[in-house]
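Trainee: Pasting the sequence and the predicted model now:
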Amino acid sequence: MAEKKSEFPALKNDRLLRAARGESVDKVPVWAMRQAGRYLPEFREVRAQYDFFTMCRTPEVACQVTLQPLDRFPLDAAIIFSDILVVPQALGMEVQMKPGEGPVFPSPLSGPEDLDRLCNPKDVCAKLQYVFDAITLTRHKLDGRAPLIGFCGAPWTIMAYMIEGKGSKTMSNAKCWLYRHPEASHRLLKTITDATIAYLVGQVKAGAQLLQVFESHAEHLGPNLFQEFSLPYLKRICDEVKDQVAALDLQDIPMTVFPKGGHFALRELGRLRYEVVGIDWTVDPILARQLVGPNKTLQGNLDPCALYADPIQIDSSVKDMVEKFGCERYIANLGHGMYPDMDPRHLAAFVEAVHTHSTK
Ligand SMILES: Cc1c2[nH]c(c1CCC(=O)O)Cc1[nH]c(c(CCC(=O)O)c1C)Cc1[nH]c(c(CCC(=O)O)c1C)Cc1[nH]c(c(CCC(=O)O)c1C)C2
């Protein structure tokens, strides 16, 4: 593995990794969640030819769309094109991507007895080899222009989709499990966590240079449920991935946890081994810094809808954001993903404004 890693092209832009580790940077690094997506006409062109999961499973295609935003904008990171739901697929569940509707599980988990339907988490890596192949190919094709981010969904977020079968406003079916079947909920969360740890270590072996864990449905938990059903699994993921990467003699890589809607969790998350904490747009940067503490890098948090404003307004919103976060221990991003109807020129304005307002 060490040999394979040394074969990757040298990194020419390491701002993201430096900021994640708390080192000084010439400019604040910037990228955008969902930077590879439907807002780009060149993405829609590829997407029209393939089913969503076929794109994920075809390394050349996943690589091509991962690089599209980097060809347009001076971004400081690439994020591998995939989805958090490839893990429940590898655990044996069917997931379809319905146009206009998003992901749908035709047979979600209806009760604890359905846990028997899931495969052994030890076997997921063999089924996710296509992600590892996409990562290795993309590391080569990136040619060191920017680091490559790998990612996964956090266990509670994945559990919620496995039970709801699709996005939900209330997550009431999944939360029903937490209250009515706490023991089965922990069994399911453990299975997902075991699979996720193996999956993330596989991503590092394949060439991922930073890992982001998306707890996209933290907002549904509140402080008590978060403490019991999310935090211990987020902790295990970070601890065990870092320990296994070290045991394999691979270089330690920074990890980011993004608890969307989880402002109540920021203090606790600041005590885990994640180097970076993602902040959504509902939290004031000054408060986020107080809660997380001085020894972590913060990532975020412009309201994605601010990209609907004209470029002059985008520039002033970014200036305000960068002033509040400061230029050290900070990675600029949106507070959540981009939407399909956004104007690519407005993302260009966002990226340019970050670099302009943070240049030393
Ligand atoms: C990081 C990532 C994700 N999905 C995609 C990426 C690709 C990389 C990138 O950001 O550019 C492609 C990615 N994933 C999807 C798309 C659009 C699908 C299409 O083109 O048809 C793309 C480009 C589909 C998808 N996949 C998912 C949804 C949300 C469903 C819901 O709750 O209503 C949707 C709509 C699940 C999902 N997927 C992901 C998350 C975590 C981030 C977040 O909170 O948004 C979540 C919750 C993560």
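Mentor: Yep, that arrived. Numbering: from 1, shown residues only.
Trainee: which residue does this protein bring closest to the ligand?
Mentor: Distance from the ligand to each residue of the chain (CB to the nearest ligand atom) is smallest for G167, at 2.3 Å. Where you see a C-beta, it was placed from the backbone N, CA and C, and this is true even at glycine.
Trainee: Can you tell me the closest non-neighbouring residue to that residue?
Mentor: G102 (5.6 Å; CB to CB, 6 or more residues apart in numbering).
Trainee: Which residues does that neighbour form beta bridges with?
Mentor: G102 has the following beta-bridge partners by DSSP bridges: K98.
Trainee: Contact partners for the residue of the chain closest to the ligand?
Mentor: Going by CB atoms under 8 Å, 6 or more residues apart in numbering, G167 touches G102, P103, Y161.
Trainee: how does it look with 10 Å?
Mentor: G167 makes contacts with E101, G102, P103, V104, A160, Y161, S216, H217, as judged by CB atoms under 10 Å, 6 or more residues apart in numbering.
Trainee: Check the gap between it and D249 for me.
Mentor: 41 Å (CB to CB, to the nearest Å).
Trainee: Same check on K296?
Mentor: K296 is 26 Å from D249, by CB to CB.
Trainee: So which of the two has more stuff around it?
Mentor: K296 (23 against 8; other CB atoms under 10 Å).
Trainee: hang on, T54 in a strand?
Mentor: No - counting by DSSP: H, G, I helix; E, B strand; the rest coil, one finds T54 to be helix, located in no strand.
Trainee: okay but H263 is in contact with E219, surely?
Mentor: Yes - using CB atoms under 10 Å, H263 is in contact with E219, at 8.7 Å.
Trainee: Show me which residues of this protein are close to the ligand?
Mentor: 33-38, 47, 52, 79, 81, 83-85, 97, 102-103, 151, 167, 214, 216, 260, 337 (CB under 6 Å from any ligand atom).
Trainee: So L11: helix, strand or coil?
Mentor: With three-state DSSP as the criterion, L11 reads coil.
Trainee: what pLDDT does it get?
Mentor: We have a pLDDT of 98 for L11.
Trainee: list the contacts for it?
Mentor: L11 is in contact with L17, R139, L142, D143, G144, R145, A146, P147, L148, Q209, counting by CB under 10 Å, 6+ apart.
Trainee: try it again with 6 Å
Mentor: G144 (CB atoms under 6 Å, 6 or more residues apart in numbering).
Trainee: Distance of it relative to I192?
Mentor: 32 Å.
Trainee: In contact with K260, which residues?
Mentor: S216, A218, D280.
Trainee: Would you mind giving me the confidence score for it?
Mentor: 98.
Trainee: Same check on G100?
Mentor: For G100, the model assigns a pLDDT of 84.
Trainee: most distant residue from the middle of the chain?
Mentor: E113 (30.6 Å; CA atoms, centre = their mean).
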